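*Asks:* Have a look; sequence and predicted model below, questions after that.
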Amino acid sequence: MNKVSLEARNIAMSYGKNVVLKDINLVIGPGEFFALLGPSGSGKSTLLRLIAGFNAAQSGQLLIDGHDVSNVPPWRRNVGMVFQNYALWPHMTVRQNVAFGLEERKLPKAQIDAKVRAALELVGLADYAARRPSQLSGGQQQRVALARTIAIEPQVLLLDEPLSNLDAKLRVQMRTELRSLQRKLGITTIFVTHDQEEAMTTADRIAVMDQGVIQQIGTPMALYDEPVNRFVANFVGSINLVRGRIEPAANGRATFRCPVFGALDVPDGTLRSGDAEIAIRPHAMALSRTREGTRQTWAEGLIAEREFLGEFVRYTVKAGETLFIADQAHYKGCAVYAPGDVVQLGLDPALARVLPAADADAREAHAH
Ligand SMILES: Nc1ncnc2c1ncn2[C@@H]1O[C@H](COP(=O)(O)OP(=O)(O)OP(=O)(O)O)[C@@H](O)[C@H]1O
Ligand SMILES: [Mg+2]
């Protein structure tokens with residue numbers, strides 16, 4: 001299967017007055033597993049349908065393998081789409097479902113048989129060819145939908161929330177299978193999900209979308225470690241946001257002042273002064289009876305809540321007027337705190353990321 005690239009340039013799309021995609025720019029490499037991640041209504045499906053050719057943009061260009069396909073109808077794009085509800089034909093067997101697209105393309109029967117067999121083998125359903133969809137589990141039906149799309153050998157595979165109808169356990173299993181299948185085929189794939197964990201565990205890169213705008217594109221780790229704004233920081237995991245003021249210093253560092261921790265020496269790429277916010281992950285916060293770590297800046301806090309999650313305990317700690325989340329690794333015999341306990345809350349400034357507060361305020365204003 002030949003690998004192709006995909007590129008969106010300045011794509012905009014509206015339904016009437018409602019702008020649902022704003023200036024979308026994307027470059028997806030050949031064989032890449034790319035995720036579109038965002039909340040409900042952010043424009044993920046609209047963009048996917050646009051790539052498939054079911055939606056038309058008002059402006060901008062879409063290129064597949066370097067060719068502008070903006071005016072090419074869906075059936076001539078060599079793009080395969082697996083829809084969220086997978087829409088199998090209930091009256092047809094698995095084999096007939098998978099063969100359907102190939103028959104429409106009027107391929108010789110022997111070739112169809114061979115391709116169907118290969119596709120079913122690939123998804124591990126060779127022994128289920130004679131069954132009907134109603135005789136399959138949800139995960140198996142999902143794989144039939146995938147086999148049906150793979151059988152037509154598309155250059156680009158588009159998956160719209162393909163795992164959303166499965167139970168939690170099957171979902172996790174299927175996402176691993178999907179990932180290894182994609183690796184095996186090397187097919188350029190765009191995967192839509194609103195589940196951050198699903199996107200992070202499967203994708204090479206992710207575009208985080210909100211309100212029709214791509215907020216950030218990056219590898220899962222880059223998004224997690226270096227979110228560009230509050231929305232991305234919140235969407236790809238839990239985060240503590242602390243408001244304060246920033247004063248730029250030299251060498252990409254700055255002093256951040258906030259009521260709870262006082263002055264912190266933080267890394268900052270923007271080096272603007274004024275109102276700002278620092279973002280820090282819950283597991284980067286330390287909890288202790290005494291101020292024992294040297295990397296941390298400490299503040300006194302009160303345990304407000306405790307949630308035990310097995311691998312770690314999630315504490316909500318009130319320090320000053322701010323509630324912090326502090327995730328502490330759990331093992332037998334480790335220090336455990338109870339609601340009402342007075343604790344020392346440690347923040348390692350080196351692990352904090354400075355976000356411009358103006359951005360957060362603008363977003364809030366926009367949302368209301
Ligand atoms: N056919 C349509 N006519 C008018 N508005 C539409 C149409 N389809 C989608 N929209 C609007 O476009 C916006 C984006 O919808 P879209 O389906 O792309 O969101 P999504 O990110 O896929 O959300 P979800 O996670 O819920 O599937 C929404 O505000 C939606 O109401
Ligand atoms: Mg959708």
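*Replies:* Right, received. Where do you want to start? Everything numeric in this text was worked out from a predicted model, so none of it was measured. Numbering: from 1, shown residues only. Ligands and ions are numbered 1, 2, ... in the order given.

*Asks:* Which elements pack onto the helix or strand where A114 lies?
*Replies:* Following DSSP states H and E, one finds A114 within helix 109-122. Helix 109-122 sits against helix 94-104, helix 138-151, helix 168-185, with contacts defined as 3 or more C-beta pairs under 8 Å, 6 or more residues apart in numbering; DSSP states H and E. For the C-beta atoms, the positions are set from N, CA and C on the backbone; glycine is no exception.

*Asks:* Give me the neighbour count for P267.
*Replies:* 14 (other C-beta atoms under 10 Å).

*Asks:* What of P339?
*Replies:* Neighbours around P339, by other C-beta under 10 Å: 11.

*Asks:* Check whether it really touches E307, as I assumed.
*Replies:* No - at 10.8 Å, P339 does not count as touching E307 under the criterion of C-beta atoms under 8 Å.

*Asks:* who in this structure is up against ligand 1?
*Replies:* Selection of the chain residues close to ligand 1 by C-beta under 6 Å from any ligand atom yields 15, 18, 20, 38, 40-46, 194.

*Asks:* For PyMOL, what selects the buried ones among those residues?
*Replies:* A single PyMOL command selects the buried members of the residues of the chain next to ligand 1 (16 or more other C-beta atoms under 10 Å):
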select buried, resi 20+38+42+43+44+45+46+194
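
*Asks:* The stretch 151-300 of the chain: strands as residue ranges?
*Replies:* Taking DSSP state E, counting those that start in this stretch to define them, one finds strands in the stretch 151-300 of the chain at 156-160, 188-193, 205-210, 213-218, 240-248, 253-258, 262-267, 274-280, 285-288, 297-308.

*Asks:* re earlier: between the residues of the chain next to ligand 1, which is nearest G244?
*Replies:* Proximity of the residues of the chain next to ligand 1 to G244 (C-beta to C-beta) peaks at G38, which lies at 28.7 Å.

*Asks:* Tell me, how many residues neighbour the nearest residue to that closest one once chain neighbours are set aside?
*Replies:* Spatial nearest neighbour of G38, chain neighbours left out: M209 (3.4 Å); criterion: C-beta to C-beta, 6 or more residues apart in numbering. M209 has 27 neighbours, counted by other C-beta under 10 Å.

*Asks:* cool, and L158?
*Replies:* 24.

*Asks:* With L323 instead?
*Replies:* 13.

*Asks:* before we move on, back to that, show me what contacts the residue nearest to G38?
*Replies:* Residues near M209 by C-beta atoms under 8 Å, 6 or more residues apart in numbering: 36-38, 42-44, 47, 215.

*Asks:* Using TSV, lay out these together with pLDDT and secondary structure.
*Replies:* Putting these into TSV (pLDDT from 0 to 100; DSSP: H, G, I helix; E, B strand; the rest coil) gives the following:
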residue	pLDDT	secondary structure
L36	97	strand
L37	97	strand
G38	96	coil
S42	96	coil
G43	96	coil
K44	96	helix
L47	96	helix
Q215	97	strand
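
*Asks:* and which of those is nearest Y224?
*Replies:* Nearest to Y224 among the contacts of M209, with distances taken as C-beta to C-beta, is L37, at 11.9 Å.

*Asks:* Who does that closest one form a beta bridge with?
*Replies:* Taking DSSP bridges as the rule, L37 bridges to T193, V208.

*Asks:* what's the span of stretch 289-301 from first residue to last?
*Replies:* Using C-alpha to C-alpha, to the nearest Å, one end of stretch 289-301 lies 10 Å from the other.

*Asks:* and the helices and strands packed on helix 109-122, which is most packed in?
*Replies:* Stretch with highest mean neighbour count among the helices and strands packed on helix 109-122: helix 138-151 (a mean of 23; mean count of other C-beta atoms under 10 Å).

*Asks:* was I right about F256 contacting G262?
*Replies:* No - using C-beta under 8 Å, F256 makes no contact with G262, being 9.6 Å away.

*Asks:* before we move on, back to that, helix 94-104 and the helix holding A114, what's the angle between them?
*Replies:* 130 degrees (axes from the mean of the first three to the mean of the last three C-alpha atoms, to 10 degrees).

*Asks:* Any stretches of the chain with poor pLDDT?
*Replies:* Applying pLDDT under 70 to the chain flags residues 1-2, 357-368.

*Asks:* circling back to that earlier point, and the residues of the chain next to ligand 1, which is closest to V354?
*Replies:* Nearest to V354 among the residues of the chain next to ligand 1, with distances taken as C-beta to C-beta, is G38, at 23.9 Å.

*Asks:* Enumerate every residue touching the closest one.
*Replies:* Contacts of G38 by C-beta under 8 Å, 6+ apart are 44, 194, 208-210, 235.

*Asks:* which one of these sits closest to M92?
*Replies:* Closest to M92, out of all of the contacts of G38 and judged by C-beta to C-beta, is K44, at 29.5 Å.

*Asks:* you'd agree that closest one is up against F34?
*Replies:* No - the criterion here is C-beta under 8 Å, and K44 misses it with F34 at 11.9 Å.
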